[in-house]
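> Below is the sequence, then the predicted model.
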Amino acid sequence: MTTAAMNSTSVKHPPASPPVAYGRARRGGTGTTHDHAPLALTPLVALSLGYFLVMLDVTVVNVALPDIRASLGAGSSALQWIVDGYSTVFAALLLFGGGAADRFGHRRVFLTGLVLFSGASVFCGFADSAVLLIVGRLGQGAGAALLVPASLALLQATFPDRATRARAIAVWGAVASVAFGAGPAVGGLLVAGSDWRAVFWLNLPLGGLAVLLTLRHLPASSARPRARKADPVGQVLAVVGLVAVTGGLNEAGSRGWTSPVVLAAFFIGTVALVSFVLTTRALEARVADGRGRRDPLLRPSMFRSRSFTSATVIGMLISLGYYGMLFLATLYFQQERHLSALGTGLALLPSVCMGLIAAPLFNRVAPRTGPYVPMAAGLVLGAAGFAGWMFTGPATPYPVLLFALIATGLGQTMTALAATAAVVETAAASDAGVATAVFNVARQVGSTVGVALFGTFIATAHHFTYGLRLSAGLAAAAFTLGSLLALRVRSAGPALAGPPS
């Protein structure tokens with residue numbers, strides 16, 4: 001289903017450093033060699049473990065659904081919410097989690113998210129009804145929404161040097177890629193060796209290790225002093241809007257885009273999100289004039305940075321194209337090629353495990369060029385891979401599909417790493433949690449739109465192949481548009497970083 005993976009007192013951004021800060025100092029020059037700065041592995045392992053849990057639970061539960069149905073007597077609607085409830089709450093609470101991390105301290109909120117996620121996993125493991133399992137999955141989504149933006153903010157603070165941070169993001173992203181790709185295989189092994197509850201018990205030792213490493217190796221961050229209070233109205237509007245939009249998109253795939261339930265969800269979500277934007281703009285204007293008593297949850301002025309805005313839009317585009325097509329590729333191998341669940345997982349491995357190749361490539365390129373060169377290259381490669389899917393039929397030999405699988409997986413992962421680095425680099429320290437939350441919301445919404453939209457193409461096409469090719473063309477167009485945005489920001493240079501402080 002959908003993924004991810006995938007967060008102020010001042011109202012202005014600090015000036016951005018020029019991209020040359022990424023570069024290697026030349027012999028005899030005055031610069032510093034940043035790309036050989038030491039990488040503290042233990043804090044990085046703690047941060048990566050948190051994201052590993054979030055990404056693993058996107059896919060590991062899917063293979064356990066038949067056993068859950070048989071054990072708990074869950075119907076199709078309950079099974080859908082066991083999967084989609086997690087991603088819906090995750091997307092809905094990301095902005096809240098990012099704002100909480102900025103206000104109360106990134107380490108504190110990261111630990112809270114880990115404990116909540118692990119506790120909810122225990123609750124899922126003990127659940128004796130579908131309703132209780134759904135409640136546990138909603139709790140997991142809430143924990144994920146707290147720890148993901150706090151994780152990226154902590155990564156920014158722990159690795160202030162840009163070149164070192166690029167290497168850290170490469171490792172962080174590779175771990176997420178491995179978790180996402182290994183989810184079906186891990187879930188299958190756990191279910192075969194025990195039962196469906198084992199997929200949730202696995203989170204307990206991993207979450208406990210992440211908590212222990214965080215307490216020992218990540219310095220405590222105190223809550224940031226705020227002259228103004230938080231904005232509860234904006235927080236409620238953001239949650240209601242994101243729950244309604246994400247839930248509507250999830251339901252559109254099964255009910256249809258014109259279903260009254262779907263239309264009502266979109267209407268409520270649109271009204272809430274428009275109200276949220278108007279509220280935050282008004283609050284930010286009052287703060288700028290010295291009249292405001294409350295800080296907005298999200299400062300609209302953050303989007304004056306075309307670097308931040310472009311990276312966020314690119315994150316949405318790649319998630320729409322890649323995860324929408326991954327959903328169809330799964331159906332293609334099962335329905336058109338008649339592969340088993342295990343065979344389908346193995347067929348998709350060349351795509352979903354490309355993080356193992358993309359991370360070292362990004363690690364070598366980004367410290368020298370900045371994030372936009374690997375970002376543009378990944379987008380072009382991904383677009384070429386989706387173009388390959390446009391010529392696919394039921395009898396296409398698997399070796400012919402390898403280029404499309406490898407190119408889309410490598411391109412998506414390279415782009416995701418680069419876009420993450422761009423967002424983290426652009427965000428002010430006081431906005432790190434919210435900035436990364438915005439990026440993750442965009443990616444989550446993009447993946448949900450992709451799955452729902454491409455699923456509709458398949459449902460309404462005269463033949464599966466027609467819907468697959470149409471979806472591949474749209475995915476290629478999304479990646480091409482993203483490459484144009486990346487090249488535009490790259491050619492414009494550091495002037496796009498945002499308003500000066």
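Perfect, thanks for sending it. Source: prediction; values computed, not measured.
> got a list of contacts for stretch 447-461?
If you take CB atoms under 8 Å, 6 or more residues apart in numbering as the criterion, stretch 447-461 is touched by 1-4, 87, 91, 246, 249-250, 252-253, 256-257, 319-325, 327-328, 331, 464, 467-468, 470-471, 474-475. All C-beta spots, glycine's among them, are computed from the backbone N, C-alpha and C.
> Can you pull out the low-pLDDT segments for this protein?
The model of the chain has pLDDT under 70 over residues 1-38, 221-230, 253, 290-293, 341, 492-501.
> Let me know the next secondary structure element after the longest helix seen in it.
Assignment by DSSP state H gives helix 162-193 as the longest helix of the chain. Sequence order places helix 198-201 as the next helix or strand after helix 162-193, per DSSP states H and E.
> helices and strands around that next one, which ones?
helix 106-126, helix 162-193 (3 or more CB pairs under 8 Å, 6 or more residues apart in numbering; DSSP states H and E).
> chain center to it: distance?
Distance, stretch centre to chain centre, for helix 198-201: 23 Å (CA atoms, centre = their mean, to the nearest Å).
> helices or strands next to the very next helix or strand once past that helix in the packing?
Per DSSP H and E, the first helix or strand lying C-terminal to helix 198-201 is helix 203-217. Applying 3+ CB pairs under 8 Å, 6+ apart, one finds that helix 203-217 contacts helix 41-59, helix 106-126.
> List the contacts of helix 203-217.
Here helix 203-217 makes contact (CB under 8 Å, 6+ apart) with 40, 42-43, 45-47, 49-50, 52-53, 56-57, 107, 110-111, 114-115, 117-118, 121-122.
> if we can go back for a sec, for residue 149, find the nearest of the helices and strands packed on helix 198-201.
Closest approach to residue 149 among the helices and strands packed on helix 198-201 (CB to CB): helix 106-126, 8.2 Å.
> Can you give the distance from the helix or strand following the closest one to the centre of its chain?
For helix 106-126, the following helix or strand on the C-terminal side (DSSP H and E) is helix 130-158. In terms of CA atoms, centre = their mean, the centre of helix 130-158 is set 12 Å apart from its chain centre.
> how much does helix 130-158 deviate in direction from helix 106-126?
With axes from the mean of the first three to the mean of the last three CA atoms, to 10 degrees applied, the angle from helix 130-158 to helix 106-126 works out at 160 degrees.
> Check which residues of helix 130-158 are buried.
130, 133-158 (16 or more other CB atoms under 10 Å).
> so who does the closest residue to residue 240 other than its chain neighbours touch?
Spatial nearest neighbour of residue 240, chain neighbours left out: residue 272 (4.4 Å); criterion: CB to CB, 6 or more residues apart in numbering. Applying CB under 8 Å, 6+ apart, we find residue 272 in contact with 237, 238, 240, 241, 244.
> go with 7 Å
Residues in contact with residue 272 (CB atoms under 7 Å, 6 or more residues apart in numbering) are 237, 240, 241, 244.
> Quick check: it vs residue 242, distance?
For residue 272, the distance to residue 242 equals 8 Å [CB to CB, to the nearest Å].
> now residue 93
8 Å.
> Buried residues, stretch 60-72. List them.
60, 61, 62, 63, 64, 65, 67, 68, 69, 71, 72.
> what residues does it touch?
Contact with stretch 60-72 is made by 1, 74, 79, 82-83, 129-130, 133, 183-184, 186-188, 191, 195-196, 199, 341, as judged by CB under 7 Å, 6+ apart.
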